[in-house]
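Asks: The amino acid sequence is not available; the structure is as follows:
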């Protein structure tokens, strides 16, 4: 329209769709690519959903991110991976990553909640057959867990590669959802004597435990100390 | 048959089905009720999968266990809860709970893994309409996060109850999967100079952070110190 201002340049964001538009808690939703990438990069375990015989199946599995692509791998015999290879044009999946950050205790039972950050990705998973992309994906899957580790391990050999299926899911229909902050009680509940606040989850790792069959003299690598 | 010994009394276990029988890693699977209950009771966030317009959806949500029943709650407007109420005889779901216990670093990229405990529940979710069962479920959902908390909070009032849907999923078609221990490298890789072992995840909570609007003089309750 005449007289209206030009749309400002869009920041990098995923377009929202009917599936990624929340029916409630819309203020918690984000389509910002940086927000989505940061949540994905902090994790390495996702919950992968697919449909088998008309019913949903949700399995925990590792993932790796390379730019706008997520990779999942597994035995060539595992169900979602086999189904992806057998389904044309690929397998409809939903891949969800969730970080729980804190327990939110309100005076009212109703307003109890969890502080969390999650990403939900909808799309069609495709089997990766290109040898170079498979190598990239497998390195990414290891490095997603421990950055730098793929370069400090014996790469997969032919037999191992033949036993491993890799599937790709493009980041296209994606949303993040984030809850932060304290308890949001009703005004009339603020004077109640129940404690209210947040119990943050402790994050991190304990000291590495060497394999009992580790050759003597092999030190814990620096990239583990960085965890 | 004559001469064969009688079957010993079955320990309490869920019957395995085609859906809960793993295609691989069968040694990691368990149908023992105590094992399943212990994994469920250690958590409070699940990933709930359902099918919408033929495609899978996986959402993180809280759950509570009461005996052989799991409960999930949410706004009456949220998709899976609304769909459960509208679907006869209920909504096919898959509810998965996963605890990550450690990172398993092998000498070979291929044998990298995660130590974890997970439970996968398949079944039909039904909306709970009985007022007493709804109360029990809502208390269980709060107590699943912090044991004893439901008794120390203002119970839901009529308006809040009217805005809350509760669905039930019976523990019937259930399996657990557990990986523990160190890296399982190939014998020919044991002499490689890469460090191998497990990095355990640190579990627990940091000190509670009181709400900024908390009345002065309300101490952190004992049941939080027990976390």
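Replies: That came in fine, so what should we check first? Note that the structure is predicted; figures quoted are calculated from it, not measured.
Asks: Not counting its neighbours along the chain, what's nearest residue A:37?
Replies: Using Cβ to Cβ, 6 or more residues apart in numbering or on different chains and skipping the chain neighbours, the partner closest in space to residue A:37 is residue A:65 (7.1 Å). All C-beta atoms are positioned from the backbone trio N, CA, C, and that covers glycine.
Asks: wait, does the lengthiest helix in chain A make contact with chain B?
Replies: What stands out as the longest helix in chain A, according to DSSP state H, is helix A:131-145. Yes. Applying Cβ under 8 Å from any Cβ of the partner chain, one finds helix A:131-145 touching chain B at A:138-139, A:142, A:145.
Asks: pLDDT on the following helix or strand past that helix, on average?
Replies: Per DSSP states H and E, the first helix or strand lying C-terminal to helix A:131-145 is helix A:158-162. Averaged across helix A:158-162, pLDDT comes to 97.
Asks: Quick one: residues in contact with helix A:158-162.
Replies: For helix A:158-162, the external contacting residues (Cβ atoms under 8 Å, 6 or more residues apart in numbering or on different chains) are A:76, A:134, B:108, B:110.
Asks: now do stretch A:129-136
Replies: A:66, A:128, A:155, A:161, A:164, A:166, A:168.
Asks: hmm, back to that, may I see the buried residues of the longest helix of chain A?
Replies: A:134, A:136-145 (16 or more other Cβ atoms under 10 Å in any protein chain shown).
Asks: and what of stretch A:15-23?
Replies: In terms of neighbour count (16+ other Cβ under 10 Å), stretch A:15-23 has its buried residues at A:19-20, A:22.
Asks: Around residue A:196, how many other residues sit close by?
Replies: Counted with other Cβ atoms under 10 Å in any protein chain shown, residues neighbouring residue A:196 total 27.
Asks: Residue A:146 now?
Replies: By other Cβ under 10 Å, the residues close to residue A:146 number 21.
Asks: Check the gap between it and residue A:226 for me.
Replies: Applying Cβ to Cβ, to the nearest Å, the value for residue A:146 to residue A:226 is 9 Å.
Asks: from the contacts of helix A:158-162, which has minimum pLDDT?
Replies: For the contacts of helix A:158-162, the weakest pLDDT value sits at residue A:76, with 92.
Asks: Please name the nearest non-neighbouring residue to that residue.
Replies: Nearest non-adjacent residue to residue A:76, counting by Cβ to Cβ, 6+ apart: residue A:165, 4.6 Å away.
Asks: Which helix or which strand is home to the most centrally placed residue in chain A?
Replies: By Cα atoms, centre = their mean, chain A has its centre lying nearest to residue A:97, at 3.1 Å. When elements are assigned from DSSP H and E, residue A:97 belongs to strand A:91-105.
Asks: next SSE after that strand?
Replies: Toward the C-terminal end, the helix or strand that comes next after strand A:91-105 (DSSP H and E) is strand A:113-127.
Asks: Tell me which other helices or strands that following strand touches.
Replies: Contacts defined by 3 or more Cβ pairs under 8 Å, 6 or more residues apart in numbering or on different chains; DSSP states H and E place strand A:113-127 against helix A:33-42, helix A:79-86, strand A:91-105, strand A:164-170, strand A:173-179, strand B:55-62.
Asks: Give me the buried positions along it.
Replies: Within strand A:113-127, the residues that count as buried by 16+ other Cβ under 10 Å are A:113-127.
Asks: low pLDDT regions in chain A?
Replies: Low-confidence segments of chain A (pLDDT under 70): A:1-11.
Asks: how about 80 then?
Replies: Applying pLDDT under 80 to chain A flags residues A:1-11, A:23-26.
Asks: Show me the contact partners of stretch A:219-227.
Replies: So stretch A:219-227 is in contact with A:146-149, A:152, A:204-205, A:208, A:210, B:105, B:195, B:199, going by Cβ under 8 Å, 6+ apart.
Asks: if we can go back for a sec, between the residues of helix A:131-145 next to chain B, which is closest to residue A:49?
Replies: Nearest to residue A:49 among the residues of helix A:131-145 next to chain B, counting by Cβ to Cβ, is residue A:145 at 21.5 Å.
Asks: what about residue A:57, neighbour count?
Replies: The tally of other residues near residue A:57 (other Cβ under 10 Å) stands at 21.
Asks: my guess is it contacts residue A:83, does it?
Replies: No. Residue A:57 is beyond contact range of residue A:83, at 9.6 Å (criterion: Cβ atoms under 8 Å).
Asks: That concludes my questions; thank you for your assistance.
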